[in-house]
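> predicted structure and sequence below. I'll ask about it afterward.
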Amino acid sequence: MTRPATALPRPVFIEPGATLGVMGGGQLGRMFVHAAQRLGYFTAVLDADPASPAGLVAHHHVRTDYLDDQGLAQLAQRCVAVTTEFENVPAAALRSLAMHRPVAPGADAVATCQDRAAEKAHFAACGVPCAPYAAIETAEQLAAVPDALLPGILKTSRLGYDGKGQVRVAQRADLHAAWASLQRAPCVLEQRLPLAVEASVIVARGADGAVVHFPLQQNLHCDGILAVTQVPAPDVAPDVAQQAVDAARRIAERLGYVGVLCVEFFVLDDGRVVANEMAPRPHNSGHYSIDACDVSQFELQVRTLTGAPLAQPRLHSPAVMLNLLGDLWLAGGDRAVEPPWAEVLALPGAHLHLYGKTSARRGRKMGHLTFTAATPGEARAAALQAAAVLGLPAFRGATR
């Protein structure tokens, strides 16, 4: 754990027994609720879905839209502090709550993460490189895109995640059709770079300026959705991993961030590290921390919200995490069939987490499966066995 040279005073500690709130009722909220309850807190969730995974396990469920004034007032009345589990919770809702209760992360930080152009400007201000890009809001800006950015990826500036709101563009002639397919929304066009590895770093920062982090995580995506995370990262040199950790710390500190922040990186063929995007919340790539670390990303989310001391997480077991999408349940057609969990759970080091979602859809995150072992090779071997049992593609990555 490190602190700035002029650390701020430690905030007042919110003791167990208080009620903590979370905006959003998905699986990240569910795991936050579990972590908070384990530490002795009561919990409240604001989410309009009566069957939301987090709402089903929280002590209180406020069933309204994020911007509903009465819902926000009810959440503020029940809770002593509020966090968020979804990057697209309106910043205006967080500002409204912050008038009455501590909110972490803050609305300004979340707003920066919600806008790709603002996010990239923040990376630049931190001295962290990202892919060359151009912001596009008008037809004139589209026409003025430099040839050097092609081939590229056109991304909506807002409301994009898990590959949504993205179109690959090979040549200039494709640009107009790609922009039209995104409803001519404000976008950024990013140059496609020669990638060696996709990776991420999760940091937690307290209101007193204390910062801790997890190890660099090596990730594999399929169709824009995370499929596999390996820790330790098998194909990233320690000095390169340290570059990413240092960059993530600078990004959080300059934001004045309080909470858990994930920064995704590209490691290029030439060894350079560039930032891709950031998420103002725990991240899918950090789910392994529940089983492989002594402090999970969700416990750190609770600690940053309550002003508790931040302990530097320790990886006690190498781990491989497999994301479980609704496609597994629909492998035989449109009728959902439960995957062979007994066969999976017979494998050594298996930790199955299902999110309590009532229906499977293709591309929907239904759960994750983490394998821990004494060595990275053993964890990877068990995960590959599970992938074969479940009909998932084998994945690459050196063993050591």
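The structure has been received and is ready for your questions. Numbering: from 1, shown residues only.
> and C126, how far from R249?
C126 sits 9 Å away from R249, going by C-beta to C-beta, to the nearest Å. From N, CA and C alone the C-beta is placed, and that goes for glycine too.
> to clarify, my last question referred to G26.
Per C-beta to C-beta, G26 is found 27 Å from R249.
> ok, L352 next?
Applying C-beta to C-beta, the value for L352 to R249 is 33 Å.
> and those two? which has more neighbours close in?
Per other C-beta atoms under 10 Å, whichever of L352 and R249 has more neighbours is R249, with 20 against 14.
> so T84 bridges to which residues?
T84 forms beta bridges with M23, as assigned by DSSP bridges.
> G326 touches G367, doesn't it?
No: in terms of C-beta atoms under 8 Å, G326 does not count as a neighbour of G367; the distance is 9.9 Å.
> who's more crowded, these two?
Ranked by neighbour count (other C-beta under 10 Å), G326 and G367 place G367 first, with 20 against 17.
> mind checking the SS state of that one?
strand (DSSP: H, G, I helix; E, B strand; the rest coil).
> what separation is there between it and L324?
Distance, G367 to L324, by C-beta to C-beta: 4 Å.
> kindly report the same for H100.
H100 is 38 Å from L324, where distance means C-beta to C-beta.
> the more surrounded of these two?
L324 (24 against 14).
> tell me which element that one falls in.
strand 319-325 (DSSP states H and E).
> ok, back up a step: and for G326 and G367, which residues touch both?
Counting by C-beta atoms under 8 Å, 6 or more residues apart in numbering, G326 and G367 have no contacts in common.
> could you list the low-pLDDT ranges of this protein?
Residues of the chain meeting the criterion pLDDT under 70: 1-11, 160-163, 397-400.
> show me the residue at the heart of it, geometrically.
By C-alpha atoms, centre = their mean, the chain has its centre lying nearest to H283, at 2.4 Å.
> that one touches Q297, doesn't it?
Yes: using C-beta under 8 Å, H283 makes contact with Q297 at a distance of 7.3 Å.
> count the neighbours of A383 for me.
Close neighbours of A383, defined as other C-beta under 10 Å, add up to 27.
> could you do L175 as well?
21.
> wait, doesn't it sit right on Q141?
No: judged on C-beta under 8 Å, L175 makes no contact with Q141 at a distance of 10.9 Å.
> buried sites along stretch 58-75?
By neighbour count on 16 or more other C-beta atoms under 10 Å, the buried set for stretch 58-75 is A58, H60, H61, V62, R63, T64, Y66, D68, G71, L72, Q74, L75.
> is the last one in contact with G21, as I believe?
Spelled out, that is L75. Yes: between L75 and G21 there is a contact at 5.0 Å, judged by C-beta under 8 Å.
> find residues that contact each of these two.
In terms of C-beta under 8 Å, 6+ apart, L75 and G21 are both contacted by the residues A44, L46, V82, L97.
> how close does the third one get to V258?
Using C-beta to C-beta, one gets 12 Å for the distance from V82 to V258.
> one more: the second one?
L46 is 19 Å from V258, where distance means C-beta to C-beta.
> the two: who's more crowded?
L46 (34 against 24).
> grab the nearest non-local neighbour of the more buried one.
In this structure, L46 finds its nearest non-sequential neighbour in V62, 4.4 Å apart by C-beta to C-beta, 6 or more residues apart in numbering.
> return the residues in contact with that neighbour.
For V62, the contacting residues are A44, V45, L46, D47, G71, Q74, L75, R78, by C-beta under 8 Å, 6+ apart.
> out of these, which are inside strands?
Of the contacts of V62, the ones assigned to strands by DSSP state E are A44, V45, L46.
> got TSV for the residues you listed, with distance to D108 too?
Shown next, in TSV, are those (distance: C-beta to C-beta, whole Å):
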residue	distance to D108
A44	24
V45	23
L46	20
